[in-house]
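A.B. asks: sequence unknown, structure follows:
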Ligand code: 5AD
Ligand code: SF4
């Protein structure tokens, strides 16, 4: 597999400088998953590299980019709605450049729709196009009316892409791109292409730089981090990569997502147990509790195998917490199948659950499957699942009261005068404290909970106990 290195595009920078009297401003909005947010940070970095300033609102921008998500229809509809709202801005400022990129822009039917019905969209490029944005913009500024392309999948990795990170203390660090699993409901393998792992040395270098820059929480990203290394020349897996990163000394904690249960093994769990800087929290999307549905989803595990993995983690990692993704109403899911999902959720005791009603994605295998259940039936199942989860998790969250915990302070809380801090296990606690603590570690005494949100009192600032 080819690894390319980003190079500054001087011609594009010159085209930008020539086109505007003052430095132009760019506004980038990302939708969807963390991977996409990280891509958005790179889009901003690349735009800065060719002379753009970064705007906080579309109204202030000379260039607006929507970095889109295709995982569910609802997300796509939101994007189309938001693009529609830009028409007015374009009428007020005909020189405004509007671009659509990311996962939606990888789908031919979306590109066609943009072409036909959104004439004020100037640029369309897919997930592979971040490093080529300067060249595309130069074409547009050089007189091309519209640049709508669906780049062929390059299957390459690009290192050294400039990045403008959103936070000074939490960072995303992709370890691999793409997905080879082809779960039958999922569009991701079609839009993000085949799995490509970054070389351990490149990841280590970026990780060291983040730690040296004072980043306190670093989240390793991949659609399925447990496939890490499969296409690399050296024999290395994800647990080995974690071991390598944990040799870096520093004041940080490390998370990762997402783990596919079929590939997450004992070695990974043993590694998490061994290193204090690895968060004791596993996001292990189960998707469904019925073996028949799991097989139809092409997930390659049974409910029993999943529960064995959870059991091993509970035994091996003291205090471990779990979160999961669940799809309700997959084609052909019966009431009996759904009962098995409820049972499984009860057995595991998740701290957090991300639940989705199945959304049909053109081009996936599941889109061909008969889907007799009505939306009302699916919505009813969803409500029951959420109720069960609340009944199980709210008391479990509240039961943490009385403990002192280390948190990373992320920002303002909902109540005035409070801040939100994230625990190692991914739960959030709200506690009264001065704003100057944002971005710092703090010790917090947990006093109770409001639903899934813990409440607490500051014990000591700037202190991290493992
Ligand atoms: N419909 C509903 N949910 C989906 N997900 C992925 N594809 C679909 C779909 N077509 C969910 C899965 C996945 C999460 C990121 O999004 O639960 O784990
Ligand atoms: Fe989609 Fe499955 Fe790949 Fe996750 S592992 S991105 S759900 S195909």
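C.D. replies: Sure thing, it's come through. Quantities reported herein were computed from a predicted structural model and do not represent experimental measurements. Ligands and ions are numbered 1, 2, ... in the order given.

A.B. asks: Low-confidence ranges, the stretch 351-466 of the chain, go.
C.D. replies: Screening the stretch 351-466 of the chain residue by residue with the criterion pLDDT under 70, one finds the ranges 465-466.

A.B. asks: Tell me the residues of it that contact ligand 1?
C.D. replies: For the stretch 351-466 of the chain, the residues in contact with ligand 1 under the definition C-beta under 6 Å from any ligand atom are 356, 358-359, 361. Placement of C-beta: from N, CA and C, glycine included.

A.B. asks: Check the chain too.
C.D. replies: 71-72, 185-186, 285, 287, 325, 327, 356, 358-359, 361.

A.B. asks: State the pair within these that is farthest apart.
C.D. replies: With distance counted by C-beta to C-beta, no two of the residues of the chain next to ligand 1 lie farther apart than 285 and 361, which are 16.6 Å apart.

A.B. asks: on that earlier part again, and ligand 2, which of the residues of the chain next to ligand 1 contact it?
C.D. replies: residue 186.

A.B. asks: Please work out which residue of the stretch 251-400 of the chain is closest to ligand 2.
C.D. replies: Per C-beta to the nearest ligand atom, the residue of the stretch 251-400 of the chain with the smallest distance to ligand 2 is residue 260, at 5.2 Å.

A.B. asks: Skip the chain neighbours and tell me the closest residue to that residue.
C.D. replies: With sequence-adjacent residues excluded and distances taken as C-beta to C-beta, 6 or more residues apart in numbering, residue 260 is closest to residue 224, at 4.3 Å.

A.B. asks: Quick one: low-confidence residue ranges for the stretch 51-200 of the chain.
C.D. replies: Across the stretch 51-200 of the chain, the stretches falling below the confidence threshold (pLDDT under 70) are 150-152.

A.B. asks: Tell me which stretches of the stretch 1-150 of the chain form helices.
C.D. replies: Applying DSSP state H, counting those that start in this stretch to the stretch 1-150 of the chain gives helices spanning 10-19, 34-49, 73-84, 87-92, 108-117, 133-141.

A.B. asks: Could you save the ones you listed as JSON lines and add columns showing mean neighbour count?
C.D. replies: What follows is these, written out as JSON lines (neighbours: other C-beta atoms under 10 Å):
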{"stretch": "helix 10-19", "mean neighbour count": "15"}
{"stretch": "helix 34-49", "mean neighbour count": "21"}
{"stretch": "helix 73-84", "mean neighbour count": "15"}
{"stretch": "helix 87-92", "mean neighbour count": "12"}
{"stretch": "helix 108-117", "mean neighbour count": "14"}
{"stretch": "helix 133-141", "mean neighbour count": "20"}
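
A.B. asks: out of these, nearest to ligand 2?
C.D. replies: Taking C-beta to the nearest ligand atom, helix 34-49 is the member of the helices of the stretch 1-150 of the chain nearest to ligand 2, at 9.6 Å.

A.B. asks: what separates the closest one from the chain centre, distance-wise?
C.D. replies: 13 Å (C-alpha atoms, centre = their mean, to the nearest Å).

A.B. asks: what does it rub up against?
C.D. replies: Helix 34-49 is touched from outside by 6, 8-9, 13, 26, 28-30, 54, 63, 65, 67-69, 101-103, 127, 130-131, 133-134, 161-166, 172, 174, 177, 192, 219, 221-223, 257, with contacts defined as C-beta atoms under 8 Å, 6 or more residues apart in numbering.

A.B. asks: Show me which of those are buried.
C.D. replies: 6, 9, 13, 26, 28, 30, 63, 65, 67-69, 101-103, 127, 130-131, 133-134, 161-165, 172, 174, 177, 192, 219, 221-223, 257 (16 or more other C-beta atoms under 10 Å).

A.B. asks: and the next element down the chain from the top helix by length along the chain?
C.D. replies: Residue-count comparison of every helix in the chain, with assignments taken from DSSP state H, identifies helix 375-398 as the longest. Once helix 375-398 ends, the next helix or strand along the chain (criterion: DSSP states H and E) is strand 404-412.

A.B. asks: related to what we said a few turns ago, how far does the longest helix of the chain sit from the chain's center?
C.D. replies: Per C-alpha atoms, centre = their mean, the displacement of helix 375-398 from the mean C-alpha position of its chain is 23 Å.

A.B. asks: who does it touch, helix- and strand-wise?
C.D. replies: Based on contacts counted as 3 or more C-beta pairs under 8 Å, 6 or more residues apart in numbering; DSSP states H and E, the elements that helix 375-398 packs against are strand 321-328, helix 335-348, strand 352-357, strand 441-450.

A.B. asks: which of the residues in it are buried?
C.D. replies: 378, 381-382, 385, 388-389, 392-393, 397-398.

A.B. asks: tell me the phi and psi of the closest residue to residue 291 other than its chain neighbours?
C.D. replies: Beyond its immediate neighbours in the sequence, the residue positioned closest to residue 291 (C-beta to C-beta, 6+ apart) is residue 302, lying 4.8 Å away. The phi/psi pair for residue 302 (degrees, to the nearest 10) reads phi -100, psi 170.

A.B. asks: so what's residue 302 scoring on pLDDT?
C.D. replies: In the prediction, the pLDDT value recorded for residue 302 is 98.

A.B. asks: about what we covered before: tell me how far the residue of the stretch 251-400 of the chain closest to ligand 2 lies from residue 143.
C.D. replies: Look at residue 260 and residue 143: by C-beta to C-beta, to the nearest Å, they are 47 Å apart.

A.B. asks: residues touching residue 389, list them.
C.D. replies: 345, 350, 353, 355.

A.B. asks: try 6 Å this time
C.D. replies: Remark: with contacts taken as C-beta atoms under 6 Å, 6 or more residues apart in numbering, residue 389 is in contact with residue 353.

A.B. asks: same question, the one 10 residues further on
C.D. replies: By C-beta under 6 Å, 6+ apart, the contact list for residue 399 is empty.

A.B. asks: Stretch 292-306 near ligand 2 anywhere?
C.D. replies: No: Stretch 292-306 stays out of contact with ligand 2 when judged by C-beta under 6 Å from any ligand atom, the minimum separation being 7.6 Å.

A.B. asks: Can you give me the buried ones in that stretch?
C.D. replies: Under 16+ other C-beta under 10 Å, the buried positions of stretch 292-306 are 293-294, 296-297, 299, 301, 303, 306.

A.B. asks: Check those and tell me the two furthest apart.
C.D. replies: The distance between the two most remote of the buried residues of stretch 292-306 (C-beta to C-beta) is 15.8 Å, for 296 and 306.

A.B. asks: So what's the residue count around residue 214?
C.D. replies: 12 (other C-beta atoms under 10 Å).

A.B. asks: Need phi/psi at it.
C.D. replies: The phi and psi torsions at residue 214 (degrees, to the nearest 10) take the values phi 90, psi 10.

A.B. asks: same check, this time on the one 5 residues further on
C.D. replies: The main-chain torsion angles of residue 219 are listed as degrees, to the nearest 10 and equal phi -110, psi 120.

A.B. asks: quick one: residue 454 is in a strand?
C.D. replies: Yes: secondary structure of residue 454, determined by DSSP: H, G, I helix; E, B strand; the rest coil: located in a strand.

A.B. asks: okay but it is in contact with residue 447, surely?
C.D. replies: No: taking contacts as C-beta atoms under 6 Å, residue 454 lies outside contact range of residue 447: 8.3 Å.
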